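K.L.:
Sequence first, then the predicted structure, then my questions.
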Amino acid sequence: MADAAGEELRTDVLVVGAGPSGLMLAACLAKLGVDAIIVDGKDGPTRESRALGVQARSMEIYEQLGLVDRVLAERSPATGIVPGAGRRAFGRVEFRGIGAGLSPYTEITVFEQSANERLLVDVLAEAGREVLWRHRVERLDVVDGDAGGAASVTATLDGPDGATIVRARYCVGADGSHSVVRESLGIPFEGVTNANTFYIADAADVTGLVDGSINVRFTERHVLLAFPMRGGRMRLLGVVRDVDLDGDGLLPEPNVRALLRREFGVEYADASWFTTYRVHHRLAARFRDGPCFIVGDAAHIHSPVGAQGMNTGLQEAHNLACALADVIVGGMPDRRLDRYEIERRPVGRTLVATTDRLFSEATSESRFARFLRAQALPRLGPVVLWLLPRVLGGRIFGFISQTRVHYRMSARDDDRTTRRDPVVGRRLQWTGSNFGVLRSMTWQVHGYGVHEREVRSIAESLGLEWHAFPSDPFGRLDPSLVYLVRPDGFVAAAASAIAVPGGPPAFREQLAG
């Protein structure tokens with residue numbers, strides 16, 4: 001597949017873009033037995049570190065793919081957060097404490113985007129699949145099916161040796177914020193651009209910050225975020241004002257060094273990567289258009305607050321891959337794929353709105369915001385640091401880790417019902433021993449404290465894999481119910497543990513697509 005020039009290739013899924021989202025999609029499709037081709041105009045995986053944090057939910061996906069040990073072997077853990085004002089730290093909050101019992105991965109795992117990409121490229125190679133590097137999509141056409149049949153996609157690729165035609169049943173645009181796929185489909189990508197300049201420095205020998213932790217510092221006019229990295233380095237991120245720019249309106253690295261020293265007492269020896277940019281907050285109007293889909297930065301972009309961007313793209317890819325496999329391999333109707341946009345676009349909308357609001361409030365130049373940063377925060381910060389984890393620790397962990405994401409699993413459910421249900425529409429609650437069975441990436445019936453006979457009977461009536469576990473030690477999974485778990489690990493439905501002919505109606509509804 002590496003030399004495709006002059007050929008006409010056919011596949012079930014064409015994945016455009018070999019960043020984290022596209023590679024995750026391709027890796028999941030390979031595991032699920034779906035034929036796919038992945039292409040990218042670059043020469044190879046990203047060399048710069050770029051995105052850093054891998055949240056708990058994404059680590060759970062890596063575990064499902066059998067890759068988590070490889071991530072842990074190369075990662076740099078961020079075990080806590082240290083907020084502060086200026087040069088003073090208020091104290092430290094351990095992630096392990098606020099995430100206990102919620103996930104096996106309570107830390108933020110620092111595993112750089114470049115490392116994510118290299119790992120997933122290796123996984124594809126091990127599955128006998130390759131990325132078509134240096135193949136850029138020049139044209140994308142949606143072809144209507146004959147006699148009312150399903151539409152398909154024809155893509156013209158420009159490769160090193162000429163043009164290649166790819167005909168695919170489906171196409172997924174994972175090709176970034178300037179997505180050719182999204183633009184070819186005419187999907188609006190509306191939003192705003194923040195007026196301030198953002199900088200990133202991957203710095204060595206940093207002084208003035210707490211090692212092994214995420215550092216957050218504020219002064220009256222400035223904000224600094226710092227993440228630990230491998231090799232003793234730290235990622236320094238911040239926002240600057242126009243007065244910090246040079247005469248040409250640019251932000252050279254010496255200006256950032258002076259700012260960090262003056263505002264936070266932070267210094268470093270050198271930076272392996274330094275860049276500046278403006279922060280955009282944008283959301284695509286649609287995530288699906290006929291046989292085409294978009295994921296990751298092609299669907300939404302936002303500030304790096306909370307280390308959410310790459311993780312959201314990884315989870316979108318995982319969700320969509322499982323839906324595609326349900327249709328292509330499992331024979332479900334095409335409407336099963338509508339659930340991708342129904343489930344994931346609200347997550348993207350909330351993410352963009354939340355990060356936009358947090359970023360705007362954290363960088364606001366209003367008199368009130370400057371008063372909070374300069375006067376209130378230094379005085380009240382230590383009290384808030386002590387109180388917040390004790391009152392809202394679990395909710396904060398759930399939001400940041402993306403383990404609280406919820407979907408509407410039935411058209412009969414309203415948003416209030418969905419939000420109140422602690423199990424259905426959410427990723428399977430962790431009990432300490434129940435995630436290993438998810439590696440099969442199949443539809444399953446689970447019971448917790450339910451007689452094995454009942455679980456087996458219900459599952460066999462539907463032709464599904466089943467697992468009977470001991471009662472949930474945390475009391476979140478009801479021992480009088482059985483749960484239908486999707487290949488992506490989300491709970492699709494719950495029903496009485498008393499077997500009924502043909503299986504529970506709620507289960508049959510979900511399995512019908």
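P.N.:
Right, received. Where do you want to start? Residues are numbered from 1 along each chain as shown.

K.L.:
who's in contact with stretch 58-76?
P.N.:
Residues from elsewhere that reach stretch 58-76, judged by CB atoms under 8 Å, 6 or more residues apart in numbering: 24, 27-28, 31, 54, 103-105, 109-111, 115, 119, 123, 228-230, 310-311, 314-315, 318, 402-403, 427, 435, 438-439, 441, 489. Using the backbone N, CA and C atoms, a C-beta is placed for each residue, glycine as well.

K.L.:
ok, now with 6 Å
P.N.:
For stretch 58-76, contacts defined as CB atoms under 6 Å, 6 or more residues apart in numbering pick out 105, 109-111, 115, 228-230, 311, 314, 318, 438-439.

K.L.:
Flag the least confident of these.
P.N.:
The lowest pLDDT within the contacts of stretch 58-76 belongs to R230, with 85.

K.L.:
quick revisit: using CSV, lay out the contacts of stretch 58-76 together with distance to W273, secondary structure and neighbour count.
P.N.:
Conversion of the contacts of stretch 58-76 to CSV gives the following (distance: CB to CB, whole Å; DSSP: H, G, I helix; E, B strand; the rest coil; neighbours: other CB atoms under 10 Å):
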residue, distance to W273, secondary structure, neighbour count
Y105, 26, coil, 25
T109, 20, strand, 22
V110, 15, strand, 24
F111, 16, coil, 27
A115, 14, helix, 21
P228, 15, strand, 23
M229, 10, coil, 21
R230, 13, helix, 13
N311, 21, helix, 25
L314, 22, helix, 29
H318, 28, helix, 27
L438, 36, helix, 23
R439, 35, helix, 12
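
K.L.:
quick one: the helices in the stretch 401-513 of the chain?
P.N.:
415-420, 452-462, 505-511 (DSSP state H, counting those that start in this stretch).

K.L.:
That should have said the chain, apologies.
P.N.:
20-32, 56-64, 68-74, 95-99, 113-126, 180-185, 253-264, 309-328, 338-363, 367-371, 377-401, 415-420, 452-462, 505-511 (DSSP state H).

K.L.:
Can you name every helix or strand that the first one contacts?
P.N.:
Right, helix 20-32. With contacts defined as 3 or more CB pairs under 6 Å, 6 or more residues apart in numbering; DSSP states H and E, the packing partners of helix 20-32 are strand 8-16, strand 36-40, helix 113-126, helix 309-328.

K.L.:
Minimum distance to G475: which of the ones you listed has it?
P.N.:
Comparison of the helices and strands packed on helix 20-32 against G475 by CB to CB identifies helix 309-328 as nearest, at 26.5 Å.

K.L.:
Can you tell me which helix or strand of this structure has the lowest average pLDDT?
P.N.:
Ranked by mean pLDDT, DSSP states H and E, the helix or strand of the chain with the weakest confidence is helix 415-420, at a mean of 56.

K.L.:
just to revisit the earlier point, least confident of the helices of the chain, on average?
P.N.:
helix 415-420 (a mean of 56).

K.L.:
Where does pLDDT dip in the stretch 151-300 of the chain?
P.N.:
Within the stretch 151-300 of the chain, the stretches with pLDDT under 70 are 195.

K.L.:
try 50
P.N.:
Along the stretch 151-300 of the chain, segments meeting pLDDT under 50 are nowhere present.

K.L.:
Identify the bridge partners of A493.
P.N.:
L484 (DSSP bridges).

K.L.:
Would you confirm that it contacts P504?
P.N.:
No. A493 lies out of contact with P504 (CB atoms under 6 Å); the separation is 7.2 Å.

K.L.:
ok, now how distant is the closest residue in space to V181 that isn't next to it in sequence from V437?
P.N.:
Spatial nearest neighbour of V181, excluding adjacent residues (CB to CB, 6 or more residues apart in numbering): G173 at 2.6 Å. Distance of G173 to V437, computed by CB to CB, to the nearest Å: 33 Å.

K.L.:
Against P382, how distant is I38?
P.N.:
49 Å.

K.L.:
Between the two, tell me which one has more neighbours.
P.N.:
Neighbour count, other CB atoms under 10 Å: between I38 and P382, I38 has more, with 30 against 17.

K.L.:
Distance of that one relative to R349?
P.N.:
In terms of CB to CB, I38 sits 27 Å off from R349.

K.L.:
What is the burial count for G33?
P.N.:
10.

K.L.:
Counting neighbours, what do you get for the residue lying closest to it once chain neighbours are set aside?
P.N.:
In this structure, G33 finds its nearest non-sequential neighbour in V329, 5.5 Å apart by CB to CB, 6+ apart. Per other CB under 10 Å, the neighbour tally for V329 reads 14.

K.L.:
And L372, by the same measure?
P.N.:
L372: 17 neighbours (other CB under 10 Å).

K.L.:
Return the distance of it relative to T442.
P.N.:
Taken as CB to CB, the span from L372 to T442 is 50 Å.

K.L.:
same question, G265
P.N.:
From G265 across to T442, the span is 54 Å (CB to CB).

K.L.:
Distance check, P254 against H451.
P.N.:
Look at P254 and H451: by CB to CB, they are 70 Å apart.

K.L.:
Could you check which of these two has the larger neighbour count?
P.N.:
H451 (12 against 9).

K.L.:
Need the pLDDT of that one.
P.N.:
95.

K.L.:
Pull the contacting residues for V279.
P.N.:
194, 198, 303.

K.L.:
repeat for P291
P.N.:
151-153, 170.

K.L.:
next one: G212
P.N.:
P228.

K.L.:
now swap in L185 and tell me
P.N.:
Residues in contact with L185 (CB under 6 Å, 6+ apart) are 289, 292.

K.L.:
do that again at 8 Å, thanks
P.N.:
Taking CB under 8 Å, 6+ apart, we find L185 in contact with 140, 142, 289, 292.

K.L.:
can you check L438 too?
P.N.:
Going by CB under 8 Å, 6+ apart, L438 touches 64, 428, 444, 485, 489.

K.L.:
Out of those, which is nearest to L337?
P.N.:
So of those, ranked by how close each gets to L337 (CB to CB), first place is G489, at 18.4 Å.

K.L.:
Send me stretch 235-254 as PDB with only the CA atoms.
P.N.:
The C-alpha trace of stretch 235-254 is given here as PDB (Å, rounded to 0.1, in the frame of the first residue of the first chain):
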ATOM      1  CA  ARG A 235       6.000  22.800  28.900                       C
ATOM      2  CA  LEU A 236       5.400  26.500  29.600                       C
ATOM      3  CA  LEU A 237       2.200  28.100  28.300                       C
ATOM      4  CA  GLY A 238       1.000  31.600  28.800                       C
ATOM      5  CA  VAL A 239      -0.800  34.600  27.400                       C
ATOM      6  CA  VAL A 240       0.900  37.900  26.700                       C
ATOM      7  CA  ARG A 241      -0.500  41.400  26.200                       C
ATOM      8  CA  ASP A 242       0.300  43.800  23.300                       C
ATOM      9  CA  VAL A 243       2.800  45.600  25.500                       C
ATOM     10  CA  ASP A 244       4.900  42.400  25.600                       C
ATOM     11  CA  LEU A 245       5.300  42.300  21.800                       C
ATOM     12  CA  ASP A 246       8.200  43.800  19.900                       C
ATOM     13  CA  GLY A 247       7.900  46.700  17.500                       C
ATOM     14  CA  ASP A 248       6.800  44.400  14.700                       C
ATOM     15  CA  GLY A 249       4.000  43.000  16.800                       C
ATOM     16  CA  LEU A 250       5.900  39.700  17.300                       C
ATOM     17  CA  LEU A 251       6.800  37.800  20.400                       C
ATOM     18  CA  PRO A 252      10.500  36.700  20.300                       C
ATOM     19  CA  GLU A 253      11.600  34.200  22.900                       C
ATOM     20  CA  PRO A 254      13.800  36.700  24.800                       C
END
